[in-house]
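K.L.:
The following block contains a protein sequence and its predicted model.
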Amino acid sequence: MRGRFAPSPTGPLHLGNLRTAMVSWLQVRSLSGDWLVRIEDLDTVTSSVAHEADQLAALAAMGMQSDLPIVRQSTRFESYRDAIATLRRLGRVYECYCSRREIREAAQAPHDFTAGDAYPGTCRELSAARREQFRRSGRPAALRLRCDGERFVIDDLIAGRFVGDADDVVVQRNDGVPAYNLAVVVDDAAQGITHIARGGDLLTSTPRQRLLQELLDLPEPTYAHVPLVVGADGKRLAKRHGAITLADLAARGVSVDRVREWLMSSLAAASADEFDINLVSELPIMVSNEDF
Ligand code: GLU
Ligand code: ZN
């Protein structure tokens with residue numbers, strides 16, 4: 001079996017990210033599999049390289065290192081294009097000319113997806129004339145998946161049974177960059193990932209990823225969605241909560257060993273051998289400065 005941690009190199013990993021990585025790492029260790037790190041740098045910006053190095057250093061400090069060479073999504077566009085071509089052949093993509101802002105929100109916010117945000121289908125049945133008009137006006141098109149009301153049941157190892165509908169998710173943004181939801185299923189399959197443990201905010205994106213897997217004839221991995229770590233106010237961990245990264249904690253004199261201990265105890269694991277993913281709570285974990 002194989003698991004992975006797939007951070008986007010957009011900033012330092014915080015305790016919640018490290019905890020998610022730790023669940024994946026412990027799950028893989030307990031099953032004697034390989035653990036991989038994949039860098040999800042579809043949006044290559046100049047700062048990603050520095051963030052990537054910083055993230056890898058934080059993982060290493062917690063004792064987690066990729067068992068295989070690290071793959072970067074920025075090197076894999078050809079595979080994503082092939083997958084999009086397959087979907088096109090199946091008649092499962094359509095051009096969407098909705099505004100840049102709408103597209104960006106849809107493509108970049110897998111974390112904020114709720115059923116109410118589903119694309120309303122404005123461009124699903126554009127007349128040929130209207131499409132031609134858009135093309136001629138030079139307005140760039142995104143590509144969306146043509147969903148047919150498919151519903152999926154996810155038996156999540158932590159969250160339990162989750163039933164959700166797929167939707168007309170963006171597979172290629174209108175700037176030509178493949179979208180997260182497409183890239184993630186292509187890469188998980190290409191890397192032979194059998195066990196996915198990742199942030200709980202992605203649970204609602206899983207049905208759309210399951211549909212992409214079915215259409216692309218890719219295997220279904222096992223899912224475990226790890227609850228978020230929240231601050232003392234119950235809100236998703238953010239800078240204003242104080243010391244939330246290894247660097248912040250080090251500046252307050254908290255050792256990496258102490259952080260690792262906190263992560264392990266929050267996961268009901270005293271050692272890697274004792275880890276049982278079924279014992280990880282499905283409830284958010286609260287962290288406050290008094291914990292350290
Ligand atoms: N790159 C995504 C993130 O940083 C995670 C993708 C995944 O684990 O499926 O939130
Ligand atoms: Zn549209």
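P.N.:
Yes, it's here. Ligands and ions are numbered 1, 2, ... in the order given.

K.L.:
going forward, measure contacts between C-alpha atoms and count neighbours the same way
P.N.:
Noted.

K.L.:
residue contacts, Tyr97?
P.N.:
Contacts for Tyr97 were tallied using CA atoms under 8 Å, 6 or more residues apart in numbering; they are Cys123, Phe134, Arg139, Pro140, Ala141, Ala142.

K.L.:
Adding pLDDT, write those residues out as TSV.
P.N.:
Listed next are the contacts of Tyr97 as TSV, based on pLDDT from 0 to 100:
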residue	pLDDT
Cys123	92
Phe134	92
Arg139	89
Pro140	91
Ala141	93
Ala142	92
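
K.L.:
from those residues, which is closest to Asp168?
P.N.:
Closest approach between the contacts of Tyr97 and Asp168, by CA to CA: Cys123, at 10.3 Å.

K.L.:
Just read off the phi/psi values of the residue nearest the centre of the chain.
P.N.:
Nearest to the mean C-alpha position of the chain, by CA atoms, centre = their mean, lies Leu202 at 6.1 Å. Torsion angles at Leu202 (phi, psi; degrees, to the nearest 10) stand at phi -100, psi 0.

K.L.:
what helix or strand is Trp262 on?
P.N.:
For Trp262, the host element (DSSP states H and E) is helix 256-266.

K.L.:
Next: Leu56.
P.N.:
According to DSSP H and E, Leu56 maps onto helix 48-61.

K.L.:
quick revisit: of the contacts of Tyr97, buried ones?
P.N.:
Neighbour counting with 16 or more other CA atoms under 10 Å marks Cys123, Pro140, Ala141, Ala142 as buried within the contacts of Tyr97.

K.L.:
Tabulate the residues you listed in a markdown table, adding columns for secondary structure and distance to Arg101.
P.N.:
A markdown table is the format used below for the buried ones among the contacts of Tyr97 (DSSP: H, G, I helix; E, B strand; the rest coil; distance: CA to CA, whole Å):
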| residue | secondary structure | distance to Arg101 |
| --- | --- | --- |
| Cys123 | coil | 15 |
| Pro140 | coil | 12 |
| Ala141 | coil | 13 |
| Ala142 | strand | 12 |
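
K.L.:
Can you check my assumption that Asp148 lies in a strand?
P.N.:
No. Judged by DSSP: H, G, I helix; E, B strand; the rest coil, Asp148 forms no part of a strand; its state is coil.

K.L.:
circling back to that earlier point, which ones among the buried ones among the contacts of Tyr97 come in contact with ligand 2?
P.N.:
Here is what survives when those are matched to ligand 2 using CA under 5 Å from the ion: Cys123.

K.L.:
related to what we said a few turns ago, neighbouring strands of the very next helix or strand once past the helix holding Trp262 in the sheet, and parallel or not?
P.N.:
Remark: after helix 256-266, the chain's next helix or strand is strand 285-286, criterion DSSP H and E. Here strand 285-286 has these sheet partners by DSSP bridges: strand 229-230 (parallel).
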